[in-house]
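J.: Provided below are the primary sequence and the corresponding predicted coordinates.
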Amino acid sequence: MEEITRLIGEFIANTGFAMADYRHIIMIVVGLTFIYLGIAKHYEPLLLVPIGFGILMGNVPVFAGFGLSIYEDNSVLHYLYFGVTAGVYPPLIFLGIGAMTDFSTMLARPQLMLLGAAAQMGVFLTLVGALFLGFAPKEAASIAIIGGADGPTAIFLSAKLAPHLIGPIAVAAYSYMALVPVIQPPIMRLLTTKEERLIKMEEPREVSKKEKIVFPIIGFLLCCFLAPAALPLLGMLFFGNLLKECVVTERLAVAARNAVIDSVTILLGLTVGASTQAEYFLNSKSIGIFILGALSFGIATASGVIFAKLMNLFIRPKINPLLGAAGVSAVPDSARVVQVVGQEEDPTNFLLMHAMAPNISGVIGSAIAAGILWSFMPK
């Protein structure tokens, strides 16, 4: 009887219930919140549900040395996480994005690309703020890119510069991407007048098939000559778009925008979530990252709107300044937010198609910003 009691006691002591502490409970609540927001609120469900479940997986207490933790060299999760730490998954995500993106709205109104560039101001201002708060240069650069509202880019840059911060940076980046409908509208209304929100955009010109085929080639060469360090991301983005537009590789384009991007999204979301183990995640740096990430995202949104207002001083016809908020690269959520805010003032004002131009250019802009930051960091 004594032996049985001892065995039962050992069994209980070896369960996750006995090994858990308050930190695990906090992170499990965070994971459940992500799952709830994804399922009930439809906030980026393809991202938040895998990340949320990954957080649950990463915060079940396990014994060290059993090959279960994502941070153990011989664990299955560690092998899957290699795609994150080595920067493999983000370029594959960009391949799929390129294969499903229509650049024609951007090509029809090239001046709207400037709004995507202006929104990157949040990245560089937050870099200064992070350095001021005492983060190392590489850490500050990785945190700053959250303002681009591009999860894959944030993961790619942090994998290269600050791999120990991938978890909090990725979770912060995807959190703010999911909360675009909550964060952006107050900033947009604060910085624009009702008259500005009522501005209607002219119909864009029709873009030829030849332009659509040539653009990914020229765009790739121009962008990567400007920022060679962005080549892994932009190379895959423009290659995926070429597969889509040239028609003769439609099978490859379909695979890239379906099977490839879906599979990688699952692996990336699950492993990024699992990397948020309480022992590594709950610290003062993580809190600082979330605060700076929110600041970066807010500045990026404001920068796009303000720059659109400045453009209106010099161009005719005027553009709706709300389009500037779509300069962050949360595709297509930021463009949808522009549509919603615009239609609150005038239900007949359709801005979605026009907002896709700065939204897509924001993807390119955030990748270029990441390449510039990476190339300037000490080796």
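T.: Cool, got the structure. Numbering: from 1, shown residues only.
J.: can you list the low-confidence ranges for this structure?
T.: Residue ranges of the chain with pLDDT under 70: 11, 13, 378-379.
J.: doesn't Thr153 make contact with Pro91?
T.: No: contact criterion C-beta atoms under 8 Å: Pro91 and Thr153 do not qualify, at 10.2 Å. In short, each C-beta sits where N, CA and C put it, glycine included.
J.: the more surrounded of the two?
T.: Thr153 (28 against 20; other C-beta atoms under 10 Å).
J.: packing partners for the helix or strand containing the more buried one?
T.: Using DSSP states H and E, Thr153 sits within helix 151-161. Using 3 or more C-beta pairs under 8 Å, 6 or more residues apart in numbering; DSSP states H and E as the contact criterion, the elements in contact with helix 151-161 are helix 76-85, helix 89-100, helix 137-144, helix 166-178, helix 231-245, helix 261-274, helix 352-376.
J.: so the third one versus helix 151-161, what angle?
T.: Taking axes from the mean of the first three to the mean of the last three C-alpha atoms, to 10 degrees, one finds that helix 137-144 is oriented at 170 degrees with respect to helix 151-161.
J.: same deal with the last one?
T.: Our comparison of helix 352-376 with helix 151-161, counting by the same axes, to 10 degrees, yields an angle of 0 degrees.
J.: pull out the buried positions in the one helix or strand Val340 maps to.
T.: Assigned by DSSP H and E, Val340 belongs to helix 333-345. Neighbour-count burial for helix 333-345 flags Asp333, Ser334, Ala335, Arg336, Val337, Val338, Gln339, Val340, Val341, Gly342, Glu345 (criterion: 16 or more other C-beta atoms under 10 Å).
J.: on that earlier part again, so which of the helices and strands packed on helix 151-161 is nearest Phe281?
T.: Ranking the helices and strands packed on helix 151-161 by their distance to Phe281 (criterion: C-beta to C-beta) puts helix 166-178 first, at 5.5 Å.
J.: helices or strands up against the closest one?
T.: helix 22-39, helix 45-58, helix 76-85, helix 151-161, helix 261-274, helix 278-281, helix 284-311.
J.: Leu322 - how many residues pack around it?
T.: 30.
J.: doesn't Val340 make contact with it?
T.: No: using C-beta under 8 Å, Leu322 makes no contact with Val340, being 9.8 Å away.
J.: for Ile28, which non-adjacent residue is closest in space?
T.: Distances taken as C-beta to C-beta, 6 or more residues apart in numbering put Asn59 closest to Ile28, at 5.4 Å, once the chain neighbours are dropped.
J.: and the one you found, how close does it get to Val171?
T.: 12 Å (C-beta to C-beta, to the nearest Å).
J.: shared neighbours of the two, anything?
T.: Residues touching both Asn59 and Val171 by C-beta atoms under 8 Å, 6 or more residues apart in numbering: Thr276.
J.: tell me how far Ser361 lies from Cys223.
T.: 11 Å.
J.: ugh, wrong one, I meant Tyr79
T.: When Tyr79 is compared with Cys223 (using C-beta to C-beta), they lie 33 Å apart.
J.: I am finished for the moment; much appreciated.
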